[in-house]
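Q: Next one to model:
(3 chains)
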Amino acid sequence: MAVVTVERKPLSFLERTYLPNIAAGLATTFKRMVQPAETLEYPEQRPAIPAGYRGVPTLVYDPNGREKCVSCQLCEFVCPPKAIRITPGEIAHDDANAHVEKRPEEFKIDMLRCIYCGLCQEVCPEEAIWLQNQYSMTGYTREEMVNDKKRLYELGGTLPDAHHKWDKKKAAEEAAAHGGAHH
Amino acid sequence: MFDFYFELPLLLRLLLQGTVVILALFPLAAACSMAERKISAWIQGRPGPNRTKPPIAGFLAPLGLVASIPVLGTLLQKFGIFQLAADGGKFTFKEDPVPGHVNKFYFILAPIASMIPALSTVAFVPFGAYFNAADELVPVALAHVDVGLLAVFALGSLGVYSLILAGWASNSKYPFLGGVRASAQLISYELSMTLSVLPVFLWVNAPGGQGTLSLFDVVQSQSQPGFWGGTWYVMTMPVSAFIFLIALFAETNRQPFDMPESEADLVGGFHTEYGAFKWSLFFVAEYAHMIVGSGIFCLLFLGGWNPLPWVSLADTIHALAHILPCVATPLFMALIAIGIFLGKVGFFIFFFMWVRWTLPRFRYDQVMTLGWKKLLPLSIANLIVYALGIAWLQTR
Amino acid sequence: MSDLLFHLFALLVVACALGVVFNKNAVASALCFLLSLVGVAGLFVLLDAFLLAVLLVLVYAGAVVALFLFIIMLLDMQGGDRKRFTKSTILSSTVAAGLLVTGLVSFATHGLVETADPATVKIVGSSLRAYAEQLFTVYLLPVQIVGFLLLIAMLGVIVLSKKFEGLEDVK
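A: Residues are numbered from 1 along each chain as shown, chains lettered A, B, ... in the order given. Modelled structure (predicted):
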């Protein structure tokens, strides 16, 4: 490509005095001064969180109040900073959700390690772990910064579920058992 | 009502007046620092410091009570007044370390020396005027002397020593460079500054009159009846005013001339090694210089305490006295005059800050070129033109 | 009161002047000089010569000593070894001191100060107008001569310190 040398225009006398430009600058800053501030007054005003925001990872219940997590530990394996520790546990036979078989006995996410990458949410087959809108995690000790199961569910709450796959499975099993009786 | 005051011994009265002015100047300078933060915030689209609020409990309870007054308290909080108090408290009480490598005596002397010109120049600035019993206009000033302006310049020029001393005593590279820059810059711009005010005094000291350098007389000559008597000198001598203003920026180390402390290349300049109370003294001195400098500019070029061009304070008071007789009493009149004067000074302080948050800093060689090659010849040419013009006008 | 102040200022001036001479640190010397000038200005004020006092502070304390300091700092002078007095130094300093003393003594004995009317002296020192009149009438020639002396000194400094590289061709 050819290089085009642009002749630099010589400055006019007024430009060399800086004065018109200083006046223009002053006008600009004055306009800015009378405009309202752009700042968000943080604790009182909160920023609008866009959809798909990756905040603090949380565990959620399904609309029926069942823990969605089945402690398959995929998130624990995929977690790049190894922030997640899961102690799997069995669901008792007399429980209403006994057909799900497993749930976490303890679920810990160390928020000092978490990098908010969202891989846990990506990998979860049960859509049980969600990076939600909460963006501010604070604490005075390292222990406080480790979210245990109870806290994770508190943060997560309940999310709507389109599939209810375990309910369908239970219904299908029951239907099969019923149908089998008929056969 | 105030007779008892005038019966006090002269020395005591002067002492009281001096204390009052200094006590007023210190918080004013502090308020300037808050104004600076607020104005910079507004220009940058921020609200600025608006949160600090003293607790009602503990030793801050009085302040806390003020803060809890419904509208006033919120307003004070919004304007950062409590932040100011907190900063003041911090600067006073925090640990004030003296680095091990400094020249201790001069290191401590420098901030103290900075207060001498900062607080003494104000003695020669008339703030306002009032009619005494004999219906003569009397200036409100600590020291009404004939050499007023020269005295201000003389004392103000001592301000450079604190910067030099601070830079040198810090025994460290950047403060040293800051001190050297300060001394060169302040001396350079002092010349243009002094030359730029000469036309004003050539005009004021018409042949036959008593020669004077008094700031009060300058204001008086701007409040005469008639078209030419009532014009402010900024209109008849715009170039002088312009040069004086630029030199003022340079003399007070304000942006775009804040070479001695340019944080981009010198960390903090001459006060890099200072902290806490000593640092705040430099700060107060800088703002005090600004206040006094703006005051001088208003007196010389903006008609001092006259509310508008062609409208002198005396006329205003006479007109107002028809409606409100109490206005004509010395106290009220002095307060009105001081109010008008401080209003103008306040605008200039604002202008200083406005410019600071608009313009980038000059390079040091540009500062020197501007001072010696542009401003000085311009001020000399200005002086010659006005000297010839005034000679022609006054001998006609 | 005035007497007391005079003694105070006089003491300040003399002590600081001694400090200028005997201080090993150049910066401290310059600062002593500054204080000494301030003391002299104070003495002028006691004589009601406000204008002189202010001019002294403005020109000497404000600018000249600041320049001294500037140069001292720029050259970063360390005390260094003290030079031995050579014979020519001793001779020239003796002559200079002798001239100074002779001048002062003749000035004092001839009573030039006494002949002037104290009232007019006072006016010249304090009033701007009287001062200017004296400066531009009686003392016009001395002022001009002193000015030229300074100018010559300045030109000499420029010639001595500046390298005239362009002039090589001219030769």
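Q: So which bits of stretch B:324-341 are buried?
A: Neighbour counts over stretch B:324-341 (16 or more other CB atoms under 10 Å in any protein chain shown) mark B:327-328, B:330, B:332-334, B:336-338, B:340-341 as buried. Where you see a C-beta, it was placed from the backbone N, CA and C, and this is true even at glycine.
Q: which of these are close to chain A?
A: Residues of those in contact with chain A (CB under 8 Å from any CB of the partner chain): none.
Q: Kindly reformat these as JSON lines containing pLDDT and secondary structure.
A: Listed next are the buried residues of stretch B:324-341 as JSON lines, based on pLDDT from 0 to 100; DSSP: H, G, I helix; E, B strand; the rest coil:
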{"residue": "B:V327", "pLDDT": "67", "secondary structure": "helix"}
{"residue": "B:A328", "pLDDT": "68", "secondary structure": "helix"}
{"residue": "B:P330", "pLDDT": "71", "secondary structure": "helix"}
{"residue": "B:F332", "pLDDT": "76", "secondary structure": "helix"}
{"residue": "B:M333", "pLDDT": "77", "secondary structure": "helix"}
{"residue": "B:A334", "pLDDT": "77", "secondary structure": "helix"}
{"residue": "B:I336", "pLDDT": "81", "secondary structure": "helix"}
{"residue": "B:A337", "pLDDT": "81", "secondary structure": "helix"}
{"residue": "B:I338", "pLDDT": "83", "secondary structure": "helix"}
{"residue": "B:I340", "pLDDT": "85", "secondary structure": "helix"}
{"residue": "B:F341", "pLDDT": "86", "secondary structure": "helix"}
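Q: For those residues, which two are the farthest from each other?
A: Farthest pair in these (CB to CB) is B:A328 and B:F341. Separation: 18.5 Å.
Q: longest helix anywhere in the chain?
A: With no chain named, the answer covers chain A. helix A:165-182 (DSSP state H).
Q: wait, chain C
A: In chain C, assigned by DSSP H, the helix with the most residues is helix C:87-110.
Q: Relative to the whole chain's centre, how far out is that helix?
A: Put simply, helix C:87-110 sits 17 Å off its chain's centre (CA atoms, centre = their mean, to the nearest Å).
Q: Do me a favour and average the pLDDT over it.
A: Confidence for helix C:87-110, expressed as mean pLDDT, is 86.
Q: mind showing which ranges of the stretch 251-396 of chain B have poor pLDDT?
A: Filtered on pLDDT under 70, the stretch 251-396 of chain B yields the residue ranges B:327-328.
Q: For it, list the residues in contact with chain A, please.
A: Proximity of the stretch 251-396 of chain B to chain A, by CB under 8 Å from any CB, involves residues B:354-355, B:357-359.
Q: which stretches of chain A form strands?
A: Secondary structure of chain A (DSSP state E): strands at A:57-59, A:84-90, A:102-110, A:129-131, A:146-147.
Q: How about the residue nearest to the spatial centre of chain A: what's its closest non-neighbour residue?
A: Taking CA atoms, centre = their mean, the centroid of chain A lies closest to A:L131, which sits 2.3 Å from it. Using CB to CB, 6 or more residues apart in numbering or on different chains and skipping the chain neighbours, the partner closest in space to A:L131 is A:R54 (4.2 Å).
Q: ok, back up a step: who's in contact with the longest helix of chain A?
A: A:64, A:66, A:97, A:99-100 (CB atoms under 8 Å, 6 or more residues apart in numbering or on different chains).
Q: which two from those end up farthest apart in space?
A: Maximum pairwise distance among the contacts of helix A:165-182 (CB to CB): 13.0 Å, between A:N64 and A:H99.
Q: By mean pLDDT, point me to the weakest helix or strand of chain C.
A: Using mean pLDDT, DSSP states H and E, the weakest-scoring helix or strand in chain C turns out to be helix C:167-170, at a mean of 52.
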